[in-house]
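*Asks:* Model the following, please.
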Amino acid sequence: MRWKTRQSSHDLSTRGMIMGILNVTPDSFSDGGRHAGPEAAQVQAQRLIAEGADIIDVGGESTRPGAEPVGLEAEIGRVVPVIEALRSDWDGLISIDTMKPGVARAALEAGADIVNDVSGLRDPEMIGVCVDSGCGVVAMHMQGEPRTMQMAPVYEDVVAELRDYFAERLQCFLEAGMDPECVAFDPGIGFGKSLEHNLQLIRGLEGLQVGDRPLLIGLSRKSFIGKLLESDRMEDREWPTVALTAWTRESGARIHRVHDVRPNREALRMVEAVMHGVDD
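*Replies:* Residues are numbered from 1 along each chain as shown. The predicted structure follows:
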């Protein structure tokens, strides 16, 4: 299983990747805008890198439930300086977390390698931006849009419906000329799903596989963890996230999007050693 990200190609058959989250928004659900300024963002980026992140995912618009949209220029102004600074002294992978083609284009010009779109590249212009650049793509499933997605989501069979959605998206991308090896999919845990939908998807990850494309999973500090633990404290979600990283890697996820890189990376490497052995 290979994933292409612009200038590089990555074998994910036995070794997964950790994507470190870098929110440069004033209203993110988890870090509350602590990394919103360029200097604070760079400090956080260097921490993620030091802990072993393979990818830094830069986002300038909150997609938490009920979030209000951000204008194009405002979002570009938040993310591009961070990406330029990061690219100037790091040769690792940079992802732009956006639904806007204009933001994606600006981020790619600034040095990003991957477009991570929670809307699944619904906008045909976004597909064109990604095809033209040859970047890596993460297409996520979201029922509805951020402001309304958690208002009573309904599925008859959430795993089957997401698998069909991924198959449809892949066919659309191929028809537009995208290299299939550039594509990864994300089931969008917490994006238009109830607690039970989230658990069904985690249990059914193997059933989401389409076209030998890697799955990215974003479980880090999600609200469903707090519901299950009956706790509102964000710090209480960190070790359950590590447990879920181990579980989902064994179940087929290859890319793990997390806030706390080191413990999740260690869990990933341990599971992979058990699954595949270690190189002599």
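*Asks:* Could you use CA atoms for every contact and neighbour count after this?
*Replies:* Fine.
*Asks:* Mind jotting down where the helices sit in the stretch 151-280 of the chain?
*Replies:* Applying DSSP state H, counting those that start in this stretch to the stretch 151-280 of the chain gives helices spanning 158-175, 195-203, 223-229, 238-250, 261-276.
*Asks:* could these go into a markdown table alongside mean neighbour count, mean pLDDT and distance to Q46?
*Replies:* Below are the helices of the stretch 151-280 of the chain laid out as a markdown table (neighbours: other CA atoms under 10 Å; pLDDT from 0 to 100; distance: least, CA to CA, whole Å):
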| stretch | mean neighbour count | mean pLDDT | distance to Q46 |
| --- | --- | --- | --- |
| helix 158-175 | 17 | 98 | 34 |
| helix 195-203 | 16 | 96 | 31 |
| helix 223-229 | 16 | 93 | 27 |
| helix 238-250 | 20 | 96 | 20 |
| helix 261-276 | 18 | 96 | 12 |
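*Asks:* Which stretch among those approaches S95 most closely?
*Replies:* helix 261-276 (15.6 Å; CA to CA).
*Asks:* elements contacting the closest one?
*Replies:* strand 17-23, helix 238-250 (3 or more CA pairs under 8 Å, 6 or more residues apart in numbering; DSSP states H and E).
*Asks:* Just want the angle from it to strand 17-23.
*Replies:* For helix 261-276 against strand 17-23, the angle between stretch directions is 160 degrees (axes from the mean of the first three to the mean of the last three CA atoms, to 10 degrees).
*Asks:* Tell me where the model's unsure across this protein.
*Replies:* 27-37, 146-150, 280 (pLDDT under 70).
*Asks:* all strands for it, in order.
*Replies:* 2-5, 8-11, 17-23, 55-59, 93-97, 114-117, 136-140, 183-186, 216-217, 255-258 (DSSP state E).
*Asks:* Rebuild those as CSV, extending it with distance to R47 and mean neighbour count.
*Replies:* Below are those laid out as CSV (distance: least, CA to CA, whole Å; neighbours: other CA atoms under 10 Å):
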stretch, distance to R47, mean neighbour count
strand 2-5, 23, 20
strand 8-11, 23, 12
strand 17-23, 10, 26
strand 55-59, 11, 25
strand 93-97, 15, 27
strand 114-117, 20, 27
strand 136-140, 24, 27
strand 183-186, 25, 26
strand 216-217, 21, 26
strand 255-258, 13, 26
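*Asks:* could I get the ones you listed as TSV with distance to V82?
*Replies:* As requested, the strands of the chain are exported to TSV (distance: least, CA to CA, whole Å):
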stretch	distance to V82
strand 2-5	19
strand 8-11	22
strand 17-23	10
strand 55-59	8
strand 93-97	10
strand 114-117	15
strand 136-140	19
strand 183-186	24
strand 216-217	23
strand 255-258	19
